[in-house]
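Colleague: Need coordinates for the below:
(one chain, ligands or ions: 1)
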Amino acid sequence: MTAPDYGHSFALWRGAAAEDWQGYTHHPFVEGLRDGSLPRRCFLNYLIQDYVFLVHFARAWSMAVVKSETLEEMKTCATTVDALVNHEMALHIRTCGEAGISEAALFNATEAPANLAYTRYVLDAGMQGDFLDLMAALLPCVMGYAEIGQRLAQTRSADTPYAEWIDTYADLGYQKMCQTVGAMVDQSVARRIGDLEHAPRRDTLQKRFATATRLEIGFWQMGLDLP
Ligand SMILES: Cc1ncc(CN)c(N)n1
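Modeller: Numbering: from 1, shown residues only. As a prediction, this is how the structure comes out:
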């Protein structure tokens with residue numbers, strides 16, 4: 001399988017967080033989506049939480065619009081907000097709707113602690129830091145699902161009931177968005193701090209990426225550990 005190109009900064013951050021990245025992208029929840037063994041109630045509970053997650057993630061990407069320094073950054077971040085609220089969430093609304101869960105119920109769902117911790121961590125990264133702090137905390141979410149979607153589309157069981165979920169993230173449109181975001185982050189890094197590998201902020205940014213990656217693991221785990 002050829003590794004998709006999501007940019008140099010992402011590749012550095014991902015490489016330095018390799019063990020956590022593996023734990024995130026190959027979590028038992030993900031394997032359950034791939035082979036179809038994930039219980040339906042776990043999937044629905046995850047989707048409910050993920051709807052709320054996406055609401056707050058859209059807020060974080062909106063903050064990135066505010067913290068942009070160029071029109072190009074602004075456009076890419078605004079497009080990502082649109083992709084989250086108008087496209088990705090459609091999957092959640094449709095699938096939960098088929099299970100009798102209304103959109104109002106999704107919007108008003110009580111956030112699980114792992115969900116709350118993750119989204120507020122990212123929002124805080126943006127409030128305390130700058131555009132790059134925000135990007136380092138946001139990339140595991142965006143690129144991780146792109147990697148998972150691509151791998152699962154190629155290796156899933158023919159009869160997994162989670163094909164629609166997998167296709168949402170394997171989709172060319174989603175993959176292209178990740179490449180655009182990855183290229184933007186490379187330019188944003190170069191513009192603000194030059195060579196990432198030798199920048200004084202290298203470790204801080206790396207830490208933000210690694211923390212968000214571990215919070216993704218916690219999110220999957222929440223999906224398995226039903227209340
Ligand atoms: C928790 C989580 N992480 C990432 C994604 C992909 N946008 C998502 N929907 N949910």
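
Colleague: does the residue lying closest to residue 6 once chain neighbours are set aside sit in a helix or strand, and which one?
Modeller: In this structure, residue 6 finds its nearest non-sequential neighbour in residue 182, 3.8 Å apart by Cβ to Cβ, 6 or more residues apart in numbering. Yep, even glycine has a C-beta here, placed from its N, CA and C like the rest. Assigned by DSSP states H and E, residue 182 belongs to helix 172-193.

Colleague: which of the residues in that helix are buried?
Modeller: Buried residues in helix 172-193, counting neighbours by 16 or more other Cβ atoms under 10 Å, are found at 174-175, 177-178, 180-186, 188-189, 193.

Colleague: That helix close to the ligand?
Modeller: No. Shown here: helix 172-193 not in contact with the ligand (Cβ under 6 Å from any ligand atom), separated by at least 8.5 Å.

Colleague: residues contacting residue 36?
Modeller: Taking Cβ atoms under 8 Å, 6 or more residues apart in numbering as the criterion, residue 36 is in contact with 156, 157, 159, 160, 161, 162.

Colleague: Would you mind naming the helix or strand containing the residue lying closest to it once chain neighbours are set aside?
Modeller: Closest residue to residue 36 apart from its sequence neighbours, by Cβ to Cβ, 6+ apart: residue 160 at 3.5 Å. Per DSSP H and E, residue 160 falls between elements, in no helix or strand.

Colleague: what's the angle between the biggest helix by length in the chain and helix 172-193?
Modeller: For the chain, the helix with the greatest residue count under DSSP state H is helix 40-67. Orientation of helix 40-67 against helix 172-193 (axes from the mean of the first three to the mean of the last three Cα atoms, to 10 degrees) gives an angle of 40 degrees.
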